[in-house]
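**Student:** Predicted coordinates and the sequence they were generated for:
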Amino acid sequence: RKEVEQDPGPFNVPEGATVAFNCTYSNSASQSFFWYRQDCRKEPKLLMSVYSSGNEDGRFTAQLNRASQYISLLIRDSKLSDSATYLCVVDDSWGKLQFGAGTQVVVTP
Amino acid sequence: DAGVTQSPTHLIKTRGQHVTLRCSPISGHKSVSWYQQVLGQGPQFIFQYYEKEERGRGNFPDRFSARQFPNYSSELNVNALLLGDSALYLCASSPTDEQFFGPGTRLTVL
């Protein structure tokens, strides 16, 4: 079983719509959680950290459910520029990042 | 401010050769990590260094080695290259737990 699992998608989203997707992680001792965004053939870029109480950054909302060991990302009012692969990332207690394979989001006009 | 830099950007090698990849972290960041990303997958952790000491190692063979220098830059070495080593090699630096990635080195092994 992979340590971090994500639905690969693609999620095809009309511009202006809302899209949400999850990932699950296997290590209950994981301490830190992140969403990274990766554009085609580019490096991953930090989108946002995920906190236990949930957090929002503009149109992006992240939630963490420790009991069920899943993390979610919701994008509101989708823009064409939101098209990318979203990587769910879990940090083991000593700083080793575990990446999911990514969820592809395609925003269409 | 300069971000993480990596060199070279692209590299083509043949099976059995060795390769050295280089990374310069963001100024002030003392931790450097290396990741391998094969097409269609997420990055896989290879090494983490902090203050020149290895803090962690992923599930990679001994053909992979790394080191960190006093100026916090780092090298990743891979010996006896295999076709399966073809990938994007990413370096990330961090002040705490958030990691910032460089543009990567794309290695092709023929």
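**Tutor:** Nice, I can see it.
**Student:** Please report phi then psi for the residue in chain A that chain B sits nearest to.
**Tutor:** Nearest residue of chain A to chain B, counting by Cβ to the nearest Cβ: A:F99, 3.3 Å away. Any C-beta I mention is one placed from the backbone N, CA and C, and that applies to glycine too. The phi/psi pair for A:F99 (degrees, to the nearest 10) reads phi -100, psi 140.
**Student:** Can you name the residues that contact the nearest residue to it once chain neighbours are set aside?
**Tutor:** In this structure, A:F99 finds its nearest non-sequential neighbour in B:G42, 3.3 Å apart by Cβ to Cβ, 6 or more residues apart in numbering or on different chains. With Cβ atoms under 8 Å, 6 or more residues apart in numbering or on different chains as the criterion, the residues that contact B:G42 are A:4, A:87, A:99-102.
**Student:** Could you do B:L39 as well?
**Tutor:** B:A87.
**Student:** sorry, back to before: counting neighbours, what do you get for the residue of chain A closest to chain B?
**Tutor:** Applying other Cβ atoms under 10 Å in any protein chain shown, we find 25 residues neighbouring A:F99.
**Student:** gap between it and A:Q38?
**Tutor:** Distance, A:F99 to A:Q38, by Cβ to Cβ, to the nearest Å: 9 Å.
**Student:** Is chain A within reach of stretch B:56-67?
**Tutor:** Yes - applying Cβ under 8 Å from any Cβ of the partner chain, one finds that stretch B:56-67 is in contact with chain A at B:56, B:58.
**Student:** Okay, now the unreliable bits of the chain?
**Tutor:** Assuming you mean chain A. A:1, A:93-95 (pLDDT under 70).
**Student:** look at chain B instead
**Tutor:** In the predicted model of chain B, residues B:1 satisfy pLDDT under 70.
**Student:** Which of the helices or strands spans the residue nearest the centre of it?
**Tutor:** Most central in chain B under Cα atoms, centre = their mean is B:W34, positioned 3.5 Å from the mean C-alpha point. Here B:W34 sits within strand B:31-37, counting by DSSP states H and E.
**Student:** CA-only coordinates of stretch A:12-20 in CSV, if you can.
**Tutor:** Written as CSV, here are the backbone C-alpha positions of stretch A:12-20 (Å, rounded to 0.1, in the frame of the first residue of the first chain):
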residue,chain,number,x,y,z
ASN,A,12,-12.5,18.4,-15.6
VAL,A,13,-13.9,21.6,-14.1
PRO,A,14,-15.8,24.4,-15.8
GLU,A,15,-14.3,27.8,-15.2
GLY,A,16,-16.0,29.4,-12.1
ALA,A,17,-17.0,26.0,-10.6
THR,A,18,-15.9,24.4,-7.4
VAL,A,19,-13.8,21.2,-7.3
ALA,A,20,-12.7,19.2,-4.3
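**Student:** residues of it that come out buried?
**Tutor:** A:13, A:19 (16 or more other Cβ atoms under 10 Å in any protein chain shown).
**Student:** For A:T103, list the residues it contacts.
**Tutor:** Counted by Cβ under 8 Å, 6+ apart, A:T103 has contacts A:6-9, A:11, A:21, A:23, A:85-86, A:88.
**Student:** That one bridge partners, please.
**Tutor:** With DSSP bridges applied, A:T103 shows beta-bridge pairing to A:Y86.
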